[in-house]
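K.L.:
fold the following for me, if possible:
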Amino acid sequence: MSETTSASKGIVYLVGAGPGDPGLLTVRGLQCLRRAEVVVYDYLANPQLLEEAPAAAQRIYVGKTAGHHHLPQDRINALLVEKARQGKIVVRLKGGDPCLFGRGGEEACELADAGQRFEIVPGITAGFGAAIYAGIPLTHRDFTTSLGLITGHEDPAKKVSSLDWSKLATGVGTLLFYMGMGNLSTITEQLMAHGRSPDTPVAVVRWGTTPRQQTLVGTLENVSERVRKARLGPPAIIVVGEIVTLRQQLRWFDNRPLFGRRILVTRAAGQAGSLSEGLRAAGAEAICCATLEIVPPPDWQPLDTALERLPQVDVLVLTSVNAVHYFFERLFGLGLDSRALHSACIAAVGGKTAAALAGYGLRADLVPDRQCAEGMLAALLKRGVAGRRILYPRSQLARDLLVTELRATGADVSAPVAYHTRKPASAEEHLSRALGDGVDAVTFTSSSAVEHCLELLEADGRQLLSKTVIASLGPLTSATIRRHGLRVAVEAAVPTTEALIEGLEKHFEGVDGPFPP
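P.N.:
Just a heads-up that it's a prediction; the model follows:
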């Protein structure tokens, strides 16, 4: 391919990453990110968004903070042009909106001057997101219908400020200052000196839209001193105006039951979603650090042999979502389908397993009241299993309780291994770092997760774990935790992620959170 042809394919997407919450990235921004060959990202772009880029994409950090530029702006501009000329699909991921105090316009001009293709993808600006997540709607017809967006940090090369303080102070209802924490005293003094009442409400919102969000409310007269005492620093936006008083009525984000809590999720990566999403919905920062991963067994033959005899099976016992998925994956892989189960009673250990089964178009015939192996055993014995052929696909770490007890009653039990659990690569490093950074709670949803976690941790890590709130999905997991000398602070009333989250909410109810209101 010629250099000209290659360069003609290159394009730079200047994408607004939004204010911090990864869910606020636009659909178009996500489409671009998932196509990227190079991602150039800054300090305020949520690192979680990088996971949406292809694994092979090059990731280049060019973050800038006050007083420190990881890469100067002129070199960032040159980098974008260079990668585009190489024919790459480049995503320049910028916090908030790329063209609102984000220098996206400057980068676009450089690309245009170099003759390189580009597209600007707007994002939710940090000021709008942070204010709304703080319960401040910025405009309201009973308060104000005018809004001003101002940078609190102008180009240092300017000898005279371009801000007309006399008009800003009295001519605009709500003022939204970006990058103004270093000049907060100057901002408040200038507004008061040019006619704004000292009693005007002011809100400072730090790390807006994230579980680290902190909101401090004061007035023009006292907010600088309050910020100093609270040691509140950037990144933050400053909202000035009577509209700030609505926070008391409209506060919705930072008063959720687990707001600001850092909770470690040790569940397997493919299954952490529901727990992580539930924790985030409750306001927590869910830190996913899988201590195990689910993989196929090293030998499919035992399961294949069992599947060949499936028409003769009387009862299919499924005790996990994993068992459901791996059972059907192998069934379909052998050219069979659910018609082979036409005469079998299907027993699912609980609601989640039954729901997974329903995803394959089948309904569980038996779901025990107690969602555990003991509950399954009791339900099967009550139904009568003597002389019955039972298929029980399971993990290599599953207890032998069902096999032993069912065979003792005269059942013909086949229990092939359908999947394995093992520790993921780099799990030690991720787990130790997460605990070292500090967490409010660690969740365990299975005994195997506990065992793998403790295998991964050295003495220091175990010590940190012993000082952390430990939350368990159920009695068996709790028993494993206690067997290792650790205390269970929270146990789910029933073994579901919803109940586990509810237990954490009750535990932290009334306990001071990590951030002030």
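
K.L.:
which residues does the closest residue to residue 207 other than its chain neighbours contact?
P.N.:
Of all residues not flanking residue 207 in the chain, residue 213 sits nearest, at 5.2 Å (CB to CB, 6 or more residues apart in numbering). All C-beta atoms are positioned from the backbone trio N, CA, C, and that covers glycine. By CB atoms under 8 Å, 6 or more residues apart in numbering, the contact list for residue 213 reads 130, 133-134, 205-207, 253-254, 260, 515.

K.L.:
leaving out sequence neighbours, find the closest residue to residue 412.
P.N.:
Closest to residue 412 by CB to CB, 6+ apart is residue 389, at 4.8 Å.

K.L.:
go ahead and confirm the one you found touches residue 312.
P.N.:
Yes. Contact criterion CB atoms under 8 Å: residue 389 and residue 312 qualify, at 5.8 Å.

K.L.:
looking at those two, which one has more neighbours?
P.N.:
It is residue 389, of residue 389 and residue 312, that has more neighbours when counted by other CB atoms under 10 Å, with 17 against 11.

K.L.:
ok, which pair from the contacts of residue 213 is furthest apart?
P.N.:
130 and 260 (15.2 Å; CB to CB).

K.L.:
what about these two, which has more around it?
P.N.:
residue 130 (32 against 20).

K.L.:
which pLDDT does the model give that one?
P.N.:
Looking at residue 130, its pLDDT is 97.

K.L.:
what strand or helix carries it?
P.N.:
Element membership for residue 130, per DSSP states H and E: helix 126-133.

K.L.:
on contacts alone, who are the packing partners of that helix?
P.N.:
Helix 126-133 sits against strand 174-178, strand 201-206, strand 236-240, with contacts defined as 3 or more CB pairs under 8 Å, 6 or more residues apart in numbering; DSSP states H and E.

K.L.:
need the winner for burial among those.
P.N.:
Per-stretch averages of neighbours, counted by mean count of other CB atoms under 10 Å, single out strand 236-240 among the helices and strands packed on helix 126-133, with a mean of 26.

K.L.:
mind listing residues that contact that strand?
P.N.:
With CB under 8 Å, 6+ apart, strand 236-240 has contacts from 126-127, 130-131, 134, 136, 138, 152, 174-178, 180-181, 184, 187, 191, 196, 200-208, 220.

K.L.:
kindly report the same for stretch 390-397.
P.N.:
So stretch 390-397 is contacted by 297, 303, 306, 310, 313-320, 322-323, 326-327, 344, 380, 402-403, 406, 411-421, 447-448, 451 (CB under 8 Å, 6+ apart).

K.L.:
now, of these, which are buried?
P.N.:
By neighbour count, with 16 or more other CB atoms under 10 Å, the contacts of stretch 390-397 hold 297, 303, 306, 310, 313, 315-320, 322-323, 326-327, 344, 380, 402-403, 406, 411-421, 447-448, 451 as buried.

K.L.:
and the residue positioned nearest the centre of the chain, how far is that from residue 262?
P.N.:
A centroid search over the chain (CA atoms, centre = their mean) returns residue 286, at 5.7 Å, as the residue closest to the centre. Plainly put, residue 286 is 9 Å away from residue 262 if you go by CB to CB, to the nearest Å.

K.L.:
quick check: end-to-end length of stretch 453-471?
P.N.:
Stretch 453-471 stretches 14 Å from its first residue to its last (CA to CA, to the nearest Å).

K.L.:
how far off centre is that stretch?
P.N.:
Mean C-alpha position of stretch 453-471 versus that of the full chain (CA atoms, centre = their mean, to the nearest Å) differs by 22 Å.

K.L.:
how about it, which residues are buried there?
P.N.:
453-454, 456-457, 461, 464-465, 468-471.

K.L.:
mind checking which of those residues land in strands?
P.N.:
469-471 (DSSP state E).

K.L.:
ok, now how distant is the residue sitting furthest away from the middle of the chain from residue 412?
P.N.:
Most distant residue from the mean C-alpha position of the chain: residue 387, 48.8 Å away (CA atoms, centre = their mean). Noted for residue 387: a distance of 7 Å to residue 412, by CB to CB.

K.L.:
please apply the same query to residue 466.
P.N.:
According to CB to CB, residue 466 and residue 412 sit 45 Å apart.

K.L.:
what do you get for residue 443?
P.N.:
Distance from residue 443 to residue 412, counting by CB to CB: 38 Å.

K.L.:
residues in contact with the residue nearest to residue 412?
P.N.:
309, 312-315, 411-412, 414 are the contacts of residue 389 under CB under 8 Å, 6+ apart.

K.L.:
where does pLDDT dip in this protein?
P.N.:
Applying pLDDT under 70 to the chain picks out residues 1-8, 64-70, 154-161, 268-272, 511-517.

K.L.:
please parse it into its domains.
P.N.:
Domain assignment for the chain by automatic domain parsing gives 10-124, 128-250, 262-292+423-508, 297-419.

K.L.:
and the end-to-end length of the shortest one?
P.N.:
Taking CA to CA, the span from the opening residue of domain 10-124 to its closing residue is 26 Å.

K.L.:
correct me if wrong: residue 340 contacts residue 311.
P.N.:
Yes. Contact criterion CB under 8 Å: residue 340 and residue 311 qualify, at 5.8 Å.

K.L.:
quick one: which of these two has more around it?
P.N.:
Shown here are residue 340 and residue 311; by other CB under 10 Å, residue 340 has more neighbours (16 against 12).

K.L.:
what is the neighbour count of the residue nearest to residue 173 when sequence neighbours are not counted?
P.N.:
Among residues not flanking residue 173 along the chain, residue 144 sits closest, at 2.5 Å (CB to CB, 6+ apart). Residue 144 has 15 neighbouring residues, counting by other CB under 10 Å.

K.L.:
please tell me how far residue 144 sits from residue 251.
P.N.:
For residue 144, the distance to residue 251 (CB to CB) stands at 19 Å.

K.L.:
and the next element down the chain from the helix or strand hosting residue 12?
P.N.:
Per DSSP H and E, residue 12 falls inside strand 11-16. Using DSSP H and E, the helix or strand that follows strand 11-16 in sequence is helix 27-35.

K.L.:
chain center to the next helix or strand after that following helix, what's the gap?
P.N.:
For helix 27-35, the succeeding helix or strand toward the C-terminus, using DSSP H and E, is strand 38-41. Centroid displacement of strand 38-41 relative to its chain, using CA atoms, centre = their mean, is 20 Å.

K.L.:
give me the sheet partners of strand 38-41 and which way each runs.
P.N.:
strand 58-61 (parallel), strand 89-94 (parallel) (DSSP bridges).
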